[in-house]
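1. 3D, please:
(one chain, ligands or ions: 1)
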Amino acid sequence: MQRTVDYINGKVIMIDQTRIPAELSTIELASYQEVAEAITSMKVRGAPAIGVTGALGIAVAARQSEVDDPQELYAELEHASDVLRATRPTAVNLFWGIDRMMDAAHAALQVGSSVDDIRDALDGLAHVMLEEDEETCQAIGAHGAELIPDGARVLTHCNAGALACVGYGTALGVIRAAVDAGKKVMVYADETRPRLQGMKLTCFELLSDNIPVTVISDNMAGSFMRKGEIDCVVVGADRIAANGDAANKIGTYSVAILAHHHGIPFYVAAPMSTVDFSLSSGDDIPIEERPHEEVTHIDGQRIAPEGVRVVNPSFDVTPAAYITAIITEKGIVYPPYRKNLRA
Ligand code: MRU
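-> Predicted structure coming up:
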């Protein structure tokens with residue numbers, strides 16, 4: 001599969017995920033404002049993907065700028081970073097990616113680099129981050145594959161796949177690696193209301209790779225667990241606090257409780273850039289409230305009565321106590337997470 005997001009000739013090229021599964025098409029963005037809009041409107045989504053995209057937005061902003069004074073360029077980049085940071089609040093990868101670029105720009109400024117040198121430094125780091133993301137996902141997959149038994153029926157929620165990263169995926173990376181290792185795996189994909197990333201994106205990318213997948217509506221998981229038809233759960237994360245509490249797509253918490261009740265392993269697969277050591281627990285993770293039309297409408301069609309009160313928190317927090325292990329590129333981390341994530 002092509003990269004979800006890429007950086008070619010000073011432009012961001014990305015798959016427009018709002019078009020999937022109807023079509024697999026790409027868009028080209030030549031300004032940081034367009035990059036910010038693409039993140040807000042979820043043309044690109046998924047924590048690692050928006051982390052890299054935010055970083056690419058800074059590289060684009062440097063190319064866009066017409067100033068020839070390094071200090072002025074840096075001031076423009078600071079403004080672009082504010083715009084990009086304001087797009088989505090929950091996935092810490094976004095802030096990690098932008099900060100990394102801003103630190104590189106600042107370091108170049110400190111050693112007296114020219115405007116062109118700063119641009120080149122940012123372009124170079126953009127390409128490093130694209131490659132690193134792919135390598136990180138492969139490493140998560142290699143570590144996590146050993147947790148997936150041959151013949152496993154694996155439940156996942158939302159899309160933590162190639163489409164949520166530059167490629168390969170975190171939770172779906174674990175499944176891909178298990179399949180590559182010769183294991184038979186069957187995936188149950190929660191449809192994941194309100195935006196249906198599970199049905200639209202996870203099913204699309206697994207079908208493209210010929211990995212068996214069955215879509216279920218979100219309220220079916222408990223019944224399938226009770227009947228003994230799910231062997232483990234693997235999901236991604238948008239932000240993991242220092243104690244291991246993990247924010248992920250709304251509905252993940254319910255799946256974790258169900259898995260715990262039925263004695264089914266519940267794994268979170270995520271890069272270390274998703275861990276926010278500055279937050280002591282998941283209580284401090286900011287949860288994005290998304291437009292209410294995502295709940296009241298499906299594909300532009302109103303399905304709720306006019307005037308009904310709506311809330312739409314996009315993420316929830318699963319307490320560390322319900323997480324069997326966190327699969328990272330450094331290895332598999334078991335409780336106690338506060339100690340072992342740092343180690
Ligand atoms: O709102 P989204 O689609 O950006 O939410 C995505 C998720 O919740 C993913 O599970 C998470 O970002 C991990 S992606 C590897």
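2. Residue numbers of the stretch 101-250 of the chain in contact with the ligand?
-> Applying CB under 6 Å from any ligand atom, one finds that the stretch 101-250 of the chain approaches the ligand through 158, 160, 164-165, 170, 197, 236-238, 248-249. Using the backbone N, CA and C atoms, a C-beta is placed for each residue, glycine as well.
3. got TSV for those, with secondary structure, pLDDT and neighbour count too?
-> As requested, these are exported to TSV (DSSP: H, G, I helix; E, B strand; the rest coil; pLDDT from 0 to 100; neighbours: other CB atoms under 10 Å):
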residue	secondary structure	pLDDT	neighbour count
158	coil	98	28
160	coil	98	35
164	helix	98	30
165	coil	98	31
170	coil	98	31
197	helix	98	28
236	coil	98	32
237	coil	99	29
238	coil	98	32
248	strand	99	29
249	strand	98	27
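4. Looking at those residues, which is nearest residue 257?
-> residue 248 (13.5 Å; CB to CB).
5. who does the helix or strand containing residue 154 touch, helix- and strand-wise?
-> Using DSSP states H and E, residue 154 maps to strand 152-156. If contacts are counted by 3 or more CB pairs under 8 Å, 6 or more residues apart in numbering; DSSP states H and E, strand 152-156 sits against helix 171-180, strand 185-190, helix 221-226, strand 232-235.
6. How about the residue of the stretch 101-250 of the chain found nearest the ligand: what's its closest non-neighbour residue?
-> Closest to the ligand within the stretch 101-250 of the chain is residue 236: 2.7 Å, counting by CB to the nearest ligand atom. Once flanking residues are discounted, residue 236 sits nearest to residue 160: 2.6 Å by CB to CB, 6 or more residues apart in numbering.
7. What of residue 2?
-> Distances taken as CB to CB, 6+ apart place residue 15 nearest to residue 2, at 7.1 Å, with adjacent residues excluded.
8. Enumerate every residue touching the one you found.
-> Listed by CB atoms under 8 Å, 6 or more residues apart in numbering, the contact set of residue 15 reads 2, 4-5, 24-26, 44, 163.
9. got CSV for those residues, with secondary structure and pLDDT too?
-> Below are those laid out as CSV (DSSP: H, G, I helix; E, B strand; the rest coil; pLDDT from 0 to 100):
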residue, secondary structure, pLDDT
2, coil, 93
4, coil, 98
5, strand, 98
24, coil, 97
25, coil, 98
26, strand, 98
44, coil, 99
163, helix, 98
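10. Write a ChimeraX command that selects only the buried members of those residues.
-> A single ChimeraX command selects the buried members of those (16 or more other CB atoms under 10 Å):
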select :4,5,44,163
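11. ok now the strand or helix carrying residue 78, how far from the chain's centre?
-> According to DSSP H and E, residue 78 maps onto helix 70-85. Here the centre of helix 70-85 is set off from its chain's centre by 24 Å, with CA atoms, centre = their mean, to the nearest Å.
12. What is that helix packed up against?
-> helix 32-40, helix 47-64, helix 92-110, helix 115-145.
13. Other residues contacting the first one?
-> Residues from elsewhere that reach helix 32-40 (CB under 8 Å, 6+ apart): 12, 14, 27, 29, 44-45, 50, 53-54, 56-58, 60-61, 64, 80, 83-84, 86-88, 94.
14. hmm, try it at 6 Å
-> Identification of contacts with helix 32-40 by CB atoms under 6 Å, 6 or more residues apart in numbering yields 12, 29, 44, 50, 57, 60-61, 80, 83-84, 87-88.
15. Stretch 172-186 now?
-> With contacts defined as CB under 6 Å, 6+ apart, stretch 172-186 is touched by 137, 140-142, 144-145, 148, 150-154, 161, 211-212, 234, 269.
16. What is the end-to-end distance of that stretch?
-> Across stretch 172-186, the terminal residues are separated by 12 Å (CA to CA, to the nearest Å).
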